[in-house]
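In: what's the 3D shape of this:
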Amino acid sequence: MDPDQNKRLAAEAALSYLPEQGVVGLGTGSTVHHFIVGVAALVRQGRQYVGVATSEQSRALATSLGVPMLDDAGPWDVLLCVDGADEVSEELDLIKGGGGAHTREKIVNFAARKNVIVVDERKLSKRLGERWAVPVEVLPFAHRETARLLAAHGTPTLRSRAGAPFRTDSGNYVYDLATGPIEKPRELDIHLKTTPGVVETGLFCGRADVVLVARGSHVETRTARDFGERLS
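Out: Okay, here's the model as predicted:
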């Protein structure tokens, strides 16, 4: 199946987790794009949803499709957040931040009562770091000094776009930290966040309630409970 069709399949499956009404966290990325389109269609049918955006990109899309949006200040009572991921481990830990929105995504993720992650099977790995570097949002001030400290955990590369450093919606830089397979992602997340200059990391450990994986013509559902059962 075409990758975009896989993304659409996973995103449409996430619509079944929506409450009857309320505040919905809108993630960022090409897979969640399809979810936002689906939410907008339900709003036009009369469902009373209000969105919380994890990026300016998602806010612009939702607004253009007629989804009412809350402002960025918070706090919000987010009943459900649906987002994508760049890599999903067997433990259902995540690497996010391919689009540079991981700080805002993590804030909304923690604000949500339930988090559903939508991916296609290409995003699965045994351990985080096998397929993807860890995005680390850093302050522009002394960012090369921050990168020097990050190098204790891998190889940091400043993300660029059109020959200039990539800027997040908050105006910060992103270093993509190539670590290789990560044995203890929770510990790495703590170490990285205690580095001066680091705003947030793209490691989301224990933050997925449900992971919907598009495989061919069907969607596989994985939960943290399922993982516990596989370990027993």
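In: For residue 100, give me the backbone phi and psi.
Out: The phi and psi values for residue 100, taken as degrees, to the nearest 10, are phi 80, psi 10.
In: shouldn't it be in contact with residue 174?
Out: Yes. Using C-beta atoms under 8 Å, residue 100 is in contact with residue 174, at 5.2 Å. In this view, the C-beta of every residue, glycine as well, is placed from N, C-alpha and C.
In: tell me the domain ranges of the protein?
Out: Per automatic domain parsing, the domain ranges recorded for the chain read 3-123+205-217, 134-197.
In: if you compare those, which one is most tucked away?
Out: Ranked by mean neighbour count, the domains of the chain are led by domain 3-123+205-217 with a mean of 20 (mean count of other C-beta atoms under 10 Å).
In: now that domain: mean pLDDT?
Out: Taken as a whole, domain 3-123+205-217 has a mean pLDDT of 96.
In: Just after the longest helix along the chain, pick out the following helix or strand.
Out: Scanning the chain for the helix with the most residues, using DSSP state H, yields helix 30-44. The first helix or strand that comes after helix 30-44 along the chain, using DSSP states H and E, is strand 48-53.
In: Can you tell me which helices and strands that next one packs against?
Out: Contact partners of strand 48-53 among helices and strands, from 3 or more C-beta pairs under 8 Å, 6 or more residues apart in numbering; DSSP states H and E: strand 21-26, helix 30-44, helix 56-64, helix 102-111.
In: Tabulate these in TSV, adding columns for distance to residue 135.
Out: Listed next are the helices and strands packed on strand 48-53 as TSV, based on distance: least, C-beta to C-beta, whole Å:
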stretch	distance to residue 135
strand 21-26	19
helix 30-44	16
helix 56-64	16
helix 102-111	6
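In: Nearest to residue 140 among the ones you listed would be which one?
Out: Of all the helices and strands packed on strand 48-53, it is helix 102-111 that lies closest to residue 140, at 14.2 Å by C-beta to C-beta.
In: and the direction of that closest one versus that of strand 21-26, what angle?
Out: Using axes from the mean of the first three to the mean of the last three C-alpha atoms, to 10 degrees, the interaxial angle of helix 102-111 with respect to strand 21-26 works out to 150 degrees.
In: For helix 102-111, what is the distance to the chain centroid?
Out: Once both centres are worked out by C-alpha atoms, centre = their mean, to the nearest Å, helix 102-111 turns out to sit 8 Å from its chain's centre.
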